[in-house]
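**Student:** quick one, what's the 3D model for this:
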Amino acid sequence: MWSSYVYTLTWSAITVAFIVASSVAVGTLARLVVRARGADRRRQHDTFSGYAFASPWIVGFIIFVLLPVLASIYWSFTSYRLPNPPQWVGLQNYVRLLTEDRDFRAALVNTFYLVAFGLPAQLGVALGLALLLNQRTKGENFFRMAFYLPVILGLNAAVLLAWVLMFNANTGFVNTVLRSLGKSLPPVNWLTRAFIYIVEITNAFFIGLQNGNYVLLQKVLSSGFPPPHRVPLWLQSPLWIKPSIILLLVWSCGSMMLIYLAALNGIPREFYEAAAVDGATRWQRFRYVTLPLLSPATFYNLVVGMIAILQLFEQPYVLLRDSPTVARGGYTVVLYLWRATFRFNEVGYGAAISWVLTVIILIMTVAQFKLQDRWVRYELR
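**Tutor:** Next up, the predicted model:
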């Protein structure tokens, strides 16, 4: 035990010494640069102090961000399997990734599916909750806390494991509620069956895109409308993996709701009063006043939400780790990157996947900024 204390104290002392030495080195280098440019003593002293105090962040950025980024760029052009040294293969990883790897194509289709369906669902539910909380009703603070609680809890392993239990097809909370509502309210049962039919047709089509054949889609169509009392097979069928993840995304839309709520509070009441005087209905006030002035908040939520979904990992990893037979239907690009790097020890190939994903995120983000002038309005004209 004493040796472990000595070991910890030794490395702590080395770390402190390194921080002090690097601070002095960075400050001295900065002072030499400004001295070469002809700065006076006071300017040199201020430069030394500023860079010395900023050096822990600068050195940390270089060691923990810049160097790993440069290393990953190099590794993406190599065949690297630990503990063997990397071997240069040029563009081979990228060629394999973009032309041969069907699993990567499946993960890419899954990720774009989540962006296409999960992001609008998040935005819609977040906006609806913000509009409800903006009504200044009794118990408003309680509902604000309740809707924001999933963000505070976070989608950690414990919360996701609880959702795994709730998604159980036979005894899970979600399907138990659907069965109870379906028995007491027949229209709910009919709507549930219609929802199941639409979801299974849609997901069978996307699985066909992944596999290159549409046998599953033909099977779903030939089965016809679901029978009475049918419930979703959330984590037990590849047709329901992605809707399960989307449900979790919608459940955790509290941050988007908060952004919308702040934007709603920033809209001047005079706009609504002027519209009401002009004879605008409630829907027209929402359509021509609220939505345009919420477009900056929508743009922010859209960009941040899109990047977050493109980097989705925790939800499919925890939900699907005990369902290997249906897991492929929920693989995202980042989950596939993790499998390639840490399960199959293909570090170079995983680095190539990460840079392809980086380029995709960059292109989609730049496209959003280029298109914002067409629909984002920062004031009413």
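
**Student:** residues making contact with stretch 104-120?
**Tutor:** 97, 206, 209-211, 242, 245-246, 249-250, 302, 305-306, 309-310, 312, 328-333, 335-336, 353 (Cβ atoms under 8 Å, 6 or more residues apart in numbering). (Glycine included, C-beta is placed from N, CA and C.)

**Student:** now do stretch 137-152
**Tutor:** 129, 132-133, 159, 251-252, 254-255, 257-258, 261.

**Student:** next: stretch 59-70.
**Tutor:** 19, 22, 26.

**Student:** any idea how far residue 315 is from the spatially most central residue of the chain?
**Tutor:** In the chain, the centroid-proximal residue (Cα atoms, centre = their mean) is residue 308; its distance is 2.1 Å. Going from residue 308 to residue 315 by Cβ to Cβ, to the nearest Å gives 11 Å.

**Student:** please apply the same query to residue 17.
**Tutor:** 42 Å.

**Student:** more neighbours: which of these two?
**Tutor:** Ranked by neighbour count (other Cβ atoms under 10 Å), residue 17 and residue 315 place residue 315 first, with 23 against 10.

**Student:** hang on, that one packs against residue 156?
**Tutor:** No. Residue 315 lies out of contact with residue 156 (Cβ atoms under 8 Å); the separation is 10.9 Å.

**Student:** buried sites along the helix or strand hosting residue 49?
**Tutor:** Taking DSSP states H and E as the criterion, residue 49 maps to helix 41-61. By 16 or more other Cβ atoms under 10 Å, the buried positions in helix 41-61 come out as 44, 47-48, 51-52, 55, 59.

**Student:** and that helix, C-alpha only, in PDB?
**Tutor:** The C-alpha trace of helix 41-61 is given here as PDB (Å, rounded to 0.1, in the frame of the first residue of the first chain):
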ATOM      1  CA  ARG A  41      10.100  45.400 -22.100                       C
ATOM      2  CA  ARG A  42       6.600  45.800 -20.800                       C
ATOM      3  CA  ARG A  43       5.100  44.200 -23.900                       C
ATOM      4  CA  GLN A  44       7.600  41.300 -23.500                       C
ATOM      5  CA  HIS A  45       6.600  40.900 -19.800                       C
ATOM      6  CA  ASP A  46       2.900  40.900 -20.600                       C
ATOM      7  CA  THR A  47       3.400  38.400 -23.400                       C
ATOM      8  CA  PHE A  48       5.400  36.100 -21.100                       C
ATOM      9  CA  SER A  49       2.700  36.200 -18.400                       C
ATOM     10  CA  GLY A  50      -0.200  35.700 -20.700                       C
ATOM     11  CA  TYR A  51       1.300  32.700 -22.500                       C
ATOM     12  CA  ALA A  52       2.700  31.200 -19.300                       C
ATOM     13  CA  PHE A  53      -0.800  31.200 -17.700                       C
ATOM     14  CA  ALA A  54      -2.400  29.900 -21.000                       C
ATOM     15  CA  SER A  55       0.200  27.200 -21.500                       C
ATOM     16  CA  PRO A  56      -1.500  24.400 -19.600                       C
ATOM     17  CA  TRP A  57      -4.400  24.600 -22.100                       C
ATOM     18  CA  ILE A  58      -2.000  25.100 -25.100                       C
ATOM     19  CA  VAL A  59       0.200  22.100 -24.100                       C
ATOM     20  CA  GLY A  60      -2.800  20.000 -23.200                       C
ATOM     21  CA  PHE A  61      -4.400  20.800 -26.600                       C
END
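
**Student:** please consider this matter closed, and thank you.
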